[in-house]
Each structure stands twice: as structure tokens, then as C-alpha cells.
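Novice: Predicted model and sequence follow; I will ask about them next.
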Amino acid sequence: MKSLKLILLIIVALAAVVMTTTASSRLFEQEKTKQTDPLDWGSNHVGKPTPDFYGGDECLFCHRFTVGQVWQKDAHFRSIRGKYVGGKDAPEIEFLKSDNNGSRGASKVEFIMGKKEVSRFLRRNVDGDFELLSFGILKPGSDKARYFDLRWSHGFAGGTFDAACIGCHMTGVDSKTKTPFEPFVGCESCHGPHNPEHTKGKDVYLRFSKKGKDPAQMIASSCGSCHLRGGESRSTGLPYPDNFVSGDNLFKDFKFDFTQSDDPKLNPIDAHIQKNIRDIVIKGNNDVSCLSCHRIHPSDTLRHRRQLKTDYCMICHEVEPFKQIKKFEVHSQTCEY
């Protein structure tokens, strides 16, 4: 009898273990597939007045021996800049002047937009609005440099820059008038509006400061506000967020279809950005953010080279030999190249 009771106890115990293991396995699978709501945190500035900005020149006055030493080499600085380098026309302008069609607009250019993949050209009209030249240069500064003409104006056209570019290439853009606080990418585009208290104590930090510990979601929102190409504002329908301020939740206004992120035809640069931001804001993965590999200034690959190998690496690298980069070209419908 005692033997029978012991056998029954063993059977019950084994059944309990099996049920517990099964439940744990199901819970594990649920955790793996669980998705977070990208809208479930933070706020935004849609419909609110543009914040009071201080200006990058004021920032560089104090930071002139640190950021000031490297800022002109930074990719954000080169995103949009004046036409002169060392008192002379920039190489992109000289390239533009060498073409019969491009030379007609070269003398009227005031700003150059873009650097590595494509360069576009801007001027201000009599009303102070920005007009975009239809001519551009692909792969400027390389032996593959060549012209392209979008042929929507064969010259400068108003409205195009405001409708596609200004939200990412300038600072503090008023959503109603489409006028910027600064006609370039300034410090406050990434670091948020200046807070004078940040010099007085230990509790006030600007976004992305060394002492501030911004969560991965906030980092993804700030970087994604410009680098996540292919979405649109819920409030304006434009391809950049409406009145985004660093620290906001980008996705309260910016609508993006992350189902396209696994498309094998997607170029590696956009695929890398989309997959990382998707994993942060939808899958809740906080282990790797943009700042794990990238330094805002100076723009370098120091952190990138120190990272352990992950699936993100395989977007651009060959498995073997790992140092070999896959052949790819970058194109963007949003940026028209």
C-alpha cells in the first residue's frame, strides 16, 4: 500500500513538473514575441509654439575647445552649409559651374545640402524663403561624381525644400510658417533647447550629455526624427515630424511602417537604422542604441569598432571574412536620389 502511495506521489510530482515546464516555456515564447506600444511614453510638441532656442554659436562659445575643434568635420554640420570654403567656392560649386546646365544656377547658390551620397543646392528668394535647385551631384568628391537633374523646374523652385527637407536639415522649424530658427543643423537639434541651469548644478542635463542617461527609446526618437526615412507626420502628412523637439516621443506624430524593415531589397544603411529603432520601440530591446556605436561629435567609428558582433553587423558585413563589406548602393525616395 505504501509503495502504491509513493508511486502516486511520484506521478503527481512529475505531472506538476511537466505542467510548470510547459507554462514556463509558453511564458518564454510570449516574452520573445511580446511587443511594446511605441506610443506608450512621453509627449510631443505638435500644435505647440516652437520652443525658445539659444543658438549654436552661443553653445560653441563655452564649448569652443572641445566640440568647436571638431564641429566643422561633423556629418551633422556638413548636412547643410554655406557655399564657401576658405573664402573660395566649395568643390561642389566648382563642379556645378563646370556643367553647362548647372553653371546657370551656380552663381545664385547660397547653401549646399548633403555631402557623401548626394549634394543639393539652395538659395533664398526675395521673401526669404528657401528654393531648391533641381540639379544635384551624386557621389560628390569621388571619382564617380556625376550630375542628375530632377527636371521638375530646370532651375530653382520654391516649396520643394519646405515639403521634404527643412524639418531635418534646419533647426527649430515653425510648423506653420516653415521658417527655421537656424538655417542649418545646430546643437539644439540633437541636444534639445538650451537650459541655462545646466551649468549650475548636477541635476540638469541637456539631451545626450555625458552625464545624462537617456533611455534607448528617447535616443531612437531623437536620431530617428531625421534618419528614419520613409515615414510621415500624422498631423501634416510631410516626410518629417511636426515640431519635433529632442526628448519627445517621435512616434506620437511620426507614422512609420516597420514591416518593410526586413525587405532584402532595402539598402543596408536604411535597413540598419530601421531594424535597430524597431527593436527598441516595438520589441523593447534596450541593449543596443544608436549611441552604442555612434558618437555625435566627432563623427567616428571608435565605438562601432569596439562592439561585439551582433545580427546588426551582418547587414553590412560579410560573415566571412568579417572585415569585408557587402557591395551596396544607397538610394532614397524621400531625399530624391
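Specialist: Structure received. Numbers count the residues shown, from 1 in each chain.
Novice: What ranges in the stretch 1-150 of the chain fall below the confidence cut-off?
Specialist: Low-confidence segments of the stretch 1-150 of the chain, defined by pLDDT under 70: 1-34, 101.
Novice: show me where it has strands.
Specialist: Secondary structure of the stretch 1-150 of the chain (DSSP state E, counting those that start in this stretch): strands located at 80-82, 84-85, 88-89, 111-113, 118-124, 130-133, 135-138, 146-149.
Novice: same for the fourth one, what does it pack against?
Specialist: Here strand 111-113 touches strand 80-82, strand 118-124, going by 3 or more C-beta pairs under 8 Å, 6 or more residues apart in numbering; DSSP states H and E. Where C-beta positions appear, they are placed from N, C-alpha and C, glycine not excepted.
Novice: what lines up beside it in the sheet?
Specialist: Strand partners for strand 111-113, identified by DSSP bridges, are recorded as strand 80-82 (antiparallel), strand 118-124 (antiparallel).
Novice: Can you check which of the ones you listed gets nearest to R151?
Specialist: When the strands paired with strand 111-113 are ranked by distance to R151, counting by C-beta to C-beta, first place goes to strand 118-124 at 14.3 Å.
Novice: Comparing the strands of the stretch 1-150 of the chain, which comes out most buried?
Specialist: By mean neighbour count, with neighbours taken as mean count of other C-beta atoms under 10 Å, strand 130-133 ranks first of those at a mean of 25.
Novice: So what touches that strand?
Specialist: By C-beta atoms under 8 Å, 6 or more residues apart in numbering, the residues outside strand 130-133 that reach it are 105, 109, 111, 120-125, 155-158, 160-162, 165-166, 183.
Novice: Partner strands of that strand, with direction?
Specialist: Pairing partners of strand 130-133, with direction, according to DSSP bridges: strand 118-124 (antiparallel), strand 156-158 (antiparallel).
Novice: For the shortest one, buried residues please.
Specialist: The one in question is strand 156-158. For strand 156-158, a neighbour-count test (16 or more other C-beta atoms under 10 Å) marks F156 as buried.
Novice: Could you measure from H194 over to K97?
Specialist: Here the distance between H194 and K97 works out to 39 Å (C-beta to C-beta, to the nearest Å).
Novice: Helices along the stretch 51-200 of the chain, start to end?
Specialist: Assignment of helices within the stretch 51-200 of the chain using DSSP state H, counting those that start in this stretch yields the ranges 56-62, 67-70, 75-78, 91-97, 100-106, 160-164, 166-169, 187-191.
Novice: Between those, which one is closest to R234.
Specialist: When the helices of the stretch 51-200 of the chain are compared by C-beta to C-beta, helix 166-169 sits nearest R234, at 13.8 Å.
Novice: Dump that closest one to PDB, restricted to CA.
Specialist: Included here for helix 166-169 are C-alpha records, laid out as PDB according to Å, rounded to 0.1, in the frame of the first residue of the first chain:
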ATOM      1  CA  ILE A 166      13.600  71.500 -44.000                       C
ATOM      2  CA  GLY A 167      12.400  69.600 -40.900                       C
ATOM      3  CA  CYS A 168      15.700  67.600 -40.800                       C
ATOM      4  CA  HIS A 169      18.200  70.000 -42.300                       C
END
